[in-house]
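J.: One predicted model, sequence on top.
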Amino acid sequence: MRAQIAVYGVLAALALIAPFLGLYPVFLMKLLCFAMFACAFNLLLGFTKMLSFGHAAYFGASAYVTGWLVTAMGWGTVAGILGGVGVAMVLGLVIGAIAVRRQGIYFAMITLALAQVVFFVCLQANFTGGENGLQGIPRGSVLGVIPLGGDRTMYYFVLAVFIAIFLLIRRIVHSPFGQVLKAIRANEPRAVSLGYKVDRYKLAAFVLSASLAGLAGSLKALVLGFVTLSDVSQGNSGEVILMTLLGGSGTFLGPVIGAFLVVTLQEYLSDLVGAWVSVMIGAIFVVCVLIFRRGFVGEIQRRFAASSD
Amino acid sequence: MLGLVNGSFYALLSLGLAVIFGLLGVVNFAHGAFYMLGAFAAYIGLSALGINYWWALLLAPLAVGLLGIVIERLFLRHLYQVEPVYGLLLTFGIALIAEGVMRSQFGASGKSYPVPALLQGVFNLGFMMLPIYRAWVIFASVAVCFITWFLIERTHLGARLRAATENAKLVQAFGINVPLLVMCTYGAGVALAALAGVLAAPVVQVSPLMGSSLVIVVFAVVVIGGMGSILGAIISGLVLGLIEGLTKVVYPEASNIVVFIIMALVLIWRPAGLFGKEP
């Protein structure tokens, strides 16, 4: 426990001084957005064992809605974010209600197929800009008080939201609600026989995860100032799975580390190797699934547990 | 008519997917990639080696099927003990690798593959013109689907396969080499996907990304038909292709999503799928 607090303290300190270490703030914000996305996804995969193969739908839809509200409708930044998250929440409720009827593989396939519907709607609807996506999304200000135009101010805003969400997810997992989710993960029939309305718990977890994924998408739209179809595509859904798996699903820090690794890899390699990036991502997937299913943080925790025995 | 052609591809692909799922319990995300590789095998065969369409129809599925067998032996085999979602994730990774390799070699743009001389031209049906090649695709797919169904439901080999699907351990105890059966089944399912790829090559553009969106539609088809149901996969493949084709005429904007909408409706009404047995 003490080691954990120390790790968090060091990471938080690093995050606070990161912009002064010569790191590019926009890149850091992108890292944080994807880390938040992965944490939201992990709430589902890691703590309830539901593999959603369509989380890009909530991330992307929320990004589009926020971008559209802020740009075309002239909404404020916070209202725009809330609007995006609201849409992600509704989508999560509808898709989740259909998907939780089935489990395991079927759940994955259904979420994937319904996310594809969202993708095609984004491709064809008027407000999304079709193949071009949305561009020139203004960052605005927090309730007219703190202008977010500067990269550093925006960075601390995103960091604050990220830390709040990270703590919120910890709180959810450790709450009675989270305990029920863990019970369902461990043994669903037993949870049913104890009288829990399992489907409702799963749906609640799904909606929560979708909303937080949406929040990550909204922030990403504001940070980068644009939204493209790749935000809502199945490739993005696959990447968030990889981030979570690589870092360690079911751990708190795992998805954060996984997101940092995957985004950094893409950022620095896409110029060097072009189309081979997707080969590498695929190869990491294969290695992860075959011999590294616990992920980085999962492996470290296991070593620690083994050595303290 | 175009709908029925697409339906033929859906039927071939979802058939392979259903057979593989039945025996291996793996949802093969790489199915679209194998379809793409089949089409590329035909394209490379023609442009580099001078192998004509008819030989490609035989050789491309063989080559891709062998690749599938190698993948099963090297990777998939190690995942039968863990949860089935890992099989899905592994094959997703394999699909990414295959797509990335082909894209770096051939670029993202589509290549065209000529219709073989024997099948050029059109039938005049009086009310419409039917290209001979399209009729051939439908005929060939239905024939292959029927042969596969016959093999599985009416032969000794098929009986063993169905028995192994039911209870692999017991069948193994009877002295049947189940791992070999599993390996060959995966190879055969993958070969079916490659065959669909060769059939599709002259109709669609051969491109590295041709399989990635198709595989999701095929997933939906299989969910609608009921996973593991072979006849269900064939019928729902054809019917959904037809529905999609009709939607394209009536309300083109919805043609991309109509299959998914039907899937959602089927799931609400009958969670196990139309032909599925389990609750």
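T.: Thanks, I have the structure now.
J.: so where do the helices sit in the chain?
T.: Unless you meant another one, I'm taking chain A. A:2-17, A:25-48, A:56-71, A:77-99, A:104-124, A:151-174, A:176-186, A:188-193, A:198-224, A:234-247, A:254-273, A:276-291, A:295-308 (DSSP state H).
J.: that's the wrong chain, I wanted chain B
T.: B:2-24, B:31-44, B:53-74, B:84-106, B:132-154, B:156-166, B:168-173, B:178-200, B:214-225, B:230-250, B:258-269.
J.: Which one of the ones you listed lies nearest to A:G235?
T.: The minimum distance between A:G235 and the helices of chain B falls on helix B:84-106, with 8.3 Å, by C-beta to C-beta. Glycine gets a C-beta too; all of them are placed from N, C-alpha and C.
J.: May I have the residues that are in contact with residue 255?
T.: In the absence of a named chain, chain A is used. Applying C-beta atoms under 8 Å, 6 or more residues apart in numbering or on different chains, we find A:P255 in contact with A:A35, A:A38, A:C39, A:F41, A:N42, A:G46, A:M243, A:T244, A:G247, A:G248, A:S249.
J.: To clarify, I was referring to chain B.
T.: B:S255 makes contacts with B:E244, B:T247, B:K248, as judged by C-beta under 8 Å, 6+ apart.
J.: Roughly how far does A:L91 sit from chain B?
T.: Between A:L91 and chain B the computed distance is 13 Å (C-beta to the nearest C-beta, to the nearest Å).
J.: Tell me the spacing between that residue and A:H55.
T.: Noted for A:L91: a distance of 11 Å to A:H55, by C-beta to C-beta, to the nearest Å.
J.: list the residues that contact both of these two?
T.: Common neighbours of A:L91 and A:H55 (C-beta under 8 Å, 6+ apart) are A:A210.
J.: who has more neighbours, the two?
T.: For A:L91 and A:H55, the more surrounded residue by other C-beta atoms under 10 Å in any protein chain shown is A:H55, and the numbers stand at 33 against 25.
J.: for that one, what are its contacts?
T.: Counting by C-beta under 8 Å, 6+ apart, A:H55 makes contact with A:F37, A:A40, A:F41, A:L44, A:T111, A:A115, A:S209, A:A210, A:A213, A:N236, A:S237, A:V240.
J.: between those, which is nearest chain B?
T.: Chain B lies nearest to A:A115 out of these, by C-beta to the nearest C-beta, at 8.7 Å.
J.: Go ahead and confirm that closest one touches A:I98.
T.: No: using C-beta atoms under 8 Å, A:A115 is not in contact with A:I98, being 11.8 Å away.
J.: between the two, who's got more neighbours?
T.: Neighbour count, other C-beta under 10 Å: between A:A115 and A:I98, A:A115 has more, with 28 against 18.
J.: Spit out the contact partners of the nearest residue to that one once chain neighbours are set aside.
T.: Using C-beta to C-beta, 6 or more residues apart in numbering or on different chains and skipping the chain neighbours, the partner closest in space to A:A115 is A:G54 (2.5 Å). A:G54 is in contact with A:I95, A:T111, A:L112, A:A113, A:L114, A:A115, A:Q116, A:V118, A:Q234, A:S237, counting by C-beta under 8 Å, 6+ apart.
J.: and residue 220, how many neighbours?
T.: With no chain named, the answer covers chain A. 26.
J.: that's the wrong chain, I wanted chain B
T.: B:A220 has 30 neighbouring residues, counting by other C-beta under 10 Å.
J.: now for the contacts of A:G54, which pair is the farthest apart?
T.: Across the contacts of A:G54, the longest distance by C-beta to C-beta is 14.2 Å; it joins A:I95 and A:Q234.
J.: Give me the more crowded residue out of these two.
T.: Neighbours per residue (other C-beta under 10 Å) separate A:I95 from A:Q234, with A:I95 holding more: 25 against 21.
J.: Could you report the distance from the more buried one to chain B?
T.: Applying C-beta to the nearest C-beta to A:I95 and chain B gives a distance of 9 Å.
J.: what residues are up against the residue nearest to that residue when sequence neighbours are not counted?
T.: Residue nearest to A:I95 in three dimensions, not counting chain neighbours: A:L114, with 4.6 Å by C-beta to C-beta, 6+ apart. By C-beta under 8 Å, 6+ apart, the contact set of A:L114 is A:G54, A:A57, A:I95, A:I98, A:A99, B:F260, B:M263, B:A264.
J.: Can you verify my assumption that the fourth one contacts A:I110?
T.: Just to be clear, that refers to A:I98. Yes: counting by C-beta under 8 Å, A:I98 does reach A:I110; the two are 6.4 Å apart.
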